[in-house]
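Peer 1: this one's sequence-less:
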Ligand SMILES: Nc1ncnc2c1ncn2[C@@H]1O[C@H](COP(=O)(O)OP(=O)(O)O)[C@@H](O)[C@H]1O
Ligand SMILES: [Mg+2]
């Protein structure tokens, strides 16, 4: 090859405007995600501010009363909160034992063949849109509950929505728990086996406790998902705030309420409009905290076994 | 000693250990004497760990692995059809290269094995006895409820020894137990082994020649076979003194004098 | 030896305690397995429930007897005869309106057939039954119908038909289809991907290839992980505040001379959904870029390439299948999402095909939601049919993703 075919050698630093422009564009793409978060906080915060700035709305009313009907000046948030808690609690009650047991089976017992047959089923379950789960809750789970528990079960009820939400969250809890279980170092299992422990004693008494914080992180993410889940509760839990802890009664959750009210023709600058943003802000903050806590736990957990 | 027949703790006959179709260890015939320390030495990858883990069936967890031949404990073949590997491991405990205490308290680390194995005596006594046996009691007696992870590496390894002796095995296997430790901790473990051999038969894998010479009564020298099969075997097995001063095999001599490779 | 050895079980007792331990273990193993069995059963129940709803007997009456319009059986009429009936019996205004939507002469026979049924004869559904009931209680159903609705006709129907896929919305379940909804979903997803894929890939390249480990970049990374966990309805609220309201001149199209529109358009929905899937796309693209071995980058740098040349010529081509797989998964997430669309104002009744980013819109999951929450069982039947359409769509997308992954899986 001829040296003359190349441009002359010059080792000094060159300005490469193309490179710099591209790098700037990529940086903007990267930083956009921060803007999204800022926009969420700003927009929700702004409208929530307007809501709480309304002279009729006081903190005492908001947290001290139990009727939510902004249209007629009732601003007690509790009915929306309690039904969110009840449905989420039921969901975790269903998904934690099932998800954990499934994870234990998959990571400790199943042969590679069985695993590759069983895992896709959980993945399908995870991929089903939540509105389909809503259909399932209303038209399968509710009639089933009515058959089992009789007349006391209302057509719209929190139990049905919660149980189906639990099924929806199950794959998430199971796969995160499985990750936590398989992150437990082999040396620990071998230590247990070498003392004459059976496989079962090892997985339940050594591996499971060692993975506990990872599993805790899974549960927290599960709660966050349940609290933020909309369609299942919008379809099956009930269409109206109701202050009750009875799972067989209808009650609207925070998300369900937002979906129903915003589904109508909502006009801007009304108390209905701003109140939805106040609820959404609460949702955002609660799920944010849950997600951050879960992530911190996972990072700690990983460090410990690295 | 030389005159009366030595008592045999464990014996291998024509032992081959496979990973799939690869024979990692070939044709091992050893009689390991009771209440003695037997060292297994040799270059890395020659199958020392594989052989050691065959003694308490830890290789069972590698799905492709299997053995041919026999390992006899009190005349029973450990790989016999009706042998329960769980029970084998209770009789033949193991200490690993890296300390691996359970993420529980010091106390529970010791009692856990006892509990699952149906121990009916006094737990506190057992804990004290085992920790004393592992020369750790004085250092931890005031913090038994603390997490085992708060101990230093050397202390953790002695805790692992303590938890092994708590289940009262006949034989203790040690796979390079000091290789992850500092010289002082190593020394303590070596001293501890001398005490342990009053009650237990110990088989230790080490690639530290001086350590083998210092602690062991017998030494097994392992090497890859000459035939190019990459399969390891025991090329010489006799009293440690002899291996280090007057080996029969030229390869052993090269290895122990550092002229190997 | 050591005294405590006596405290461990021996002989007979040892055997007994061992077998008790094993029994215990197998009981628990069965319990663990049953969790998976429950998961499988739930999935089976869900799918069965949907299929069960989409087929079955339906009892209906004709408001107007077909013989008022024709002597021949309706099903035997040809296209021209049907058209004649419509011309003769529809009010001129109604006919004109239909003709404006689509020229009557150009309509297919089945289209005209539907119109005759819908506009003239006017079906009145009395009751529907699930597939299982229809199969196993067929004689009871027949007896019940004969007694309760003596004039009704009973017919075993598949609610999911090719016509269902190609007809627009209708206020009558019998004539409703998912055409507008599918088109709405496709437009919306198209816009979402067009928006999120370049930005997401760019962000991933920045984070993997350019970002140093400083505080800002750590915050960006944590923030992306958190955004992935924000409830979808919150994205809906963001979309409502920003795209629908604040950017109304842009998203309604009034900036471009579109009149008679507000911000509740496909464009707003697409941008909202794009924002929602952006973190997913970034995270997936990061994984794909991470999987490209360093040796490749070093080789490129070694022959004097700049960073961007290295990324563009070596990293991106190798990461592309992974990035595309991630995008397909993001698409399937977007297609199934419902809540944000409700909030940004999907129209629930709309029978005109969307024709651009400034159209009002509906989407497949919106229709499912709408129909599921109706009280009449015939709407549940079409909800079930729409669910099958949605699930088949998602299944094909995932199959495509798996194929892509297997096809391009590189062994480095
Ligand atoms: N789990 C395993 N699967 C397959 N081969 C293995 C496994 N463990 C070890 N080997 C192989 O067996 C041989 C001996 O390994 P090992 O017993 O660990 O040697 P050493 O402990 O002497 O260094 C090596 O060639 C190693 O690659
Ligand atoms: Mg080794």
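Peer 2: Noted; the coordinates are in hand. Predicted model, so just to flag it, every value in this text is computed and none were measured. Numbering: from 1, shown residues only, chains lettered A, B, ... in the order given. Ligands and ions are numbered 1, 2, ... in the order given.

Peer 1: show me where pLDDT drops low in the chain?
Peer 2: Going with chain A. The model of chain A has pLDDT under 70 over residues A:1-4, A:8, A:14, A:306.

Peer 1: sorry, should have said chain C
Peer 2: Where chain C drops to pLDDT under 70, the residues are C:1-5, C:259-261, C:348, C:409-412.

Peer 1: and for residue B:47, nearest residue in space, chain neighbours not counted?
Peer 2: Distance criterion C-beta to C-beta, 6 or more residues apart in numbering or on different chains; nearest residue to residue B:47, sequence neighbours excluded, is residue B:232 at 3.1 Å. (Glycine included, C-beta is placed from N, CA and C.)

Peer 1: look up how far chain A lies from residue C:135.
Peer 2: 18 Å (C-beta to the nearest C-beta, to the nearest Å).

Peer 1: and that residue, its phi and psi?
Peer 2: Dihedral pair for residue C:135: phi -80, psi -50, per degrees, to the nearest 10.

Peer 1: picking that back up, and the residue nearest to residue B:47, how close does it get to chain A?
Peer 2: 21 Å.

Peer 1: that residue touches residue B:222, doesn't it?
Peer 2: Yes - in this structure, residue B:232 is within contact of residue B:222 by C-beta atoms under 8 Å, at 5.2 Å.

Peer 1: list the residues that contact both of those two?
Peer 2: Both residue B:232 and residue B:222 are in contact with B:42, B:46, B:47, B:48, B:51, where contact means C-beta atoms under 8 Å, 6 or more residues apart in numbering or on different chains.

Peer 1: so the second one: helix, strand or coil?
Peer 2: So the one you mean is residue B:46. Assigned with DSSP: H, G, I helix; E, B strand; the rest coil, residue B:46 falls in the coil class.

Peer 1: quick check: residues of the stretch 151-300 of chain A near chain B?
Peer 2: When proximity is defined as C-beta under 8 Å from any C-beta of the partner chain, the stretch 151-300 of chain A approaches chain B at A:185, A:187-188, A:190-198, A:201, A:205-206, A:209-210.

Peer 1: for the stretch 51-200 of chain B, which residue gets nearest to chain A?
Peer 2: Distances between the stretch 51-200 of chain B and chain A by C-beta to the nearest C-beta are smallest at residue B:90, namely 3.0 Å.

Peer 1: which residues sit against whichever strand or helix holds that residue?
Peer 2: According to DSSP states H and E, residue B:90 maps onto helix B:85-91. Applying C-beta under 8 Å, 6+ apart, the contact partners of helix B:85-91 are A:193-198, B:56-58, B:60, B:73, B:78, B:117, B:167, B:169-171, C:14, C:18, C:21.

Peer 1: point out the residues in chain B that sit beside chain A.
Peer 2: Near chain A, when you scan chain B using C-beta under 8 Å from any C-beta, you find B:56, B:58, B:61, B:86-87, B:89-91, B:93-94, B:96, B:98, B:100-104, B:112-113, B:116-117, B:160, B:163-164, B:167, B:173.

Peer 1: what's near enough to touch residue C:174?
Peer 2: By C-beta under 8 Å, 6+ apart, the neighbours of residue C:174 are C:60, C:117, C:118, C:123, C:125, C:378.

Peer 1: correction: the previous question concerned residue C:284.
Peer 2: C:322, C:323, C:325, C:326, C:327, C:329, C:330.

Peer 1: do you know how far it is from residue C:224?
Peer 2: Per C-beta to C-beta, to the nearest Å, residue C:284 is found 11 Å from residue C:224.

Peer 1: could you do residue B:174 as well?
Peer 2: Taken as C-beta to C-beta, the span from residue B:174 to residue C:224 is 48 Å.

Peer 1: equivalent analysis for residue A:157, please.
Peer 2: 37 Å.

Peer 1: so for these two, which sits in the more crowded spot?
Peer 2: residue A:157 (27 against 24; other C-beta atoms under 10 Å in any protein chain shown).

Peer 1: contacts only, for that one.
Peer 2: Under the criterion of C-beta under 8 Å, 6+ apart, the neighbours of residue A:157 are A:142, A:145, A:236, A:237, A:238, A:247, A:248, A:249, A:250.

Peer 1: helix/strand/coil for the first one?
Peer 2: The three-state label for residue A:142, taken from three-state DSSP, comes out as helix.

Peer 1: my guess is it meets residue A:153, correct?
Peer 2: Yes - shown here, residue A:142 and residue A:153 form a contact pair, counting by C-beta under 8 Å, at 7.0 Å.

Peer 1: just want to know which of those two has more residues nearby.
Peer 2: A count of neighbours by other C-beta under 10 Å puts residue A:142 above the other of residue A:142 and residue A:153, at 23 against 20.

Peer 1: show me the contacts for the more buried one.
Peer 2: A:153, A:155, A:156, A:157, A:160, A:236.

Peer 1: please redo it, this time with the cut-off set to 10 Å
Peer 2: When contacts are counted by C-beta atoms under 10 Å, 6 or more residues apart in numbering or on different chains, residue A:142 touches A:136, A:153-157, A:159-161, A:163-164, A:236, A:248.

Peer 1: will you turn these into JSON lines that also has distance to residue C:237 and secondary structure?
Peer 2: Output for the contacts of residue A:142, formatted as JSON lines (distance: C-beta to C-beta, whole Å; DSSP: H, G, I helix; E, B strand; the rest coil):
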{"residue": "A:136", "distance to residue C:237": "26", "secondary structure": "helix"}
{"residue": "A:153", "distance to residue C:237": "32", "secondary structure": "coil"}
{"residue": "A:154", "distance to residue C:237": "29", "secondary structure": "coil"}
{"residue": "A:155", "distance to residue C:237": "29", "secondary structure": "coil"}
{"residue": "A:156", "distance to residue C:237": "24", "secondary structure": "coil"}
{"residue": "A:157", "distance to residue C:237": "27", "secondary structure": "coil"}
{"residue": "A:159", "distance to residue C:237": "28", "secondary structure": "helix"}
{"residue": "A:160", "distance to residue C:237": "26", "secondary structure": "helix"}
{"residue": "A:161", "distance to residue C:237": "21", "secondary structure": "helix"}
{"residue": "A:163", "distance to residue C:237": "27", "secondary structure": "helix"}
{"residue": "A:164", "distance to residue C:237": "24", "secondary structure": "helix"}
{"residue": "A:236", "distance to residue C:237": "22", "secondary structure": "helix"}
{"residue": "A:248", "distance to residue C:237": "31", "secondary structure": "coil"}
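
Peer 1: now, which of these sits nearest residue C:265?
Peer 2: Within the contacts of residue A:142, the smallest distance to residue C:265 is 29.9 Å, found for residue A:236 (C-beta to C-beta).

Peer 1: surely the closest one and residue A:143 touch.
Peer 2: No - Residue A:236 lies out of contact with residue A:143 (C-beta atoms under 10 Å); the separation is 11.4 Å.

Peer 1: looking at those two, which is more packed in?
Peer 2: Neighbour comparison, residue A:236 and residue A:143: the larger count goes to residue A:236, with 32 against 14 (by other C-beta under 10 Å).

Peer 1: what is the mean pLDDT for stretch B:49-68?
Peer 2: In this model, stretch B:49-68 has a mean pLDDT of 92.

Peer 1: close to ligand 1, is that stretch?
Peer 2: Yes - using C-beta under 6 Å from any ligand atom, stretch B:49-68 comes into contact with ligand 1 via B:49, B:50, B:62.

Peer 1: ok but residue C:300 is inside a strand, no?
Peer 2: No - counting by three-state DSSP, residue C:300 is not found in a strand; it is helix.

Peer 1: now it: closest residue in space, sequence neighbours ignored.
Peer 2: residue C:310 (4.0 Å).

Peer 1: check which helix or strand that neighbour maps to.
Peer 2: Assigned by DSSP H and E, residue C:310 belongs to helix C:307-310.
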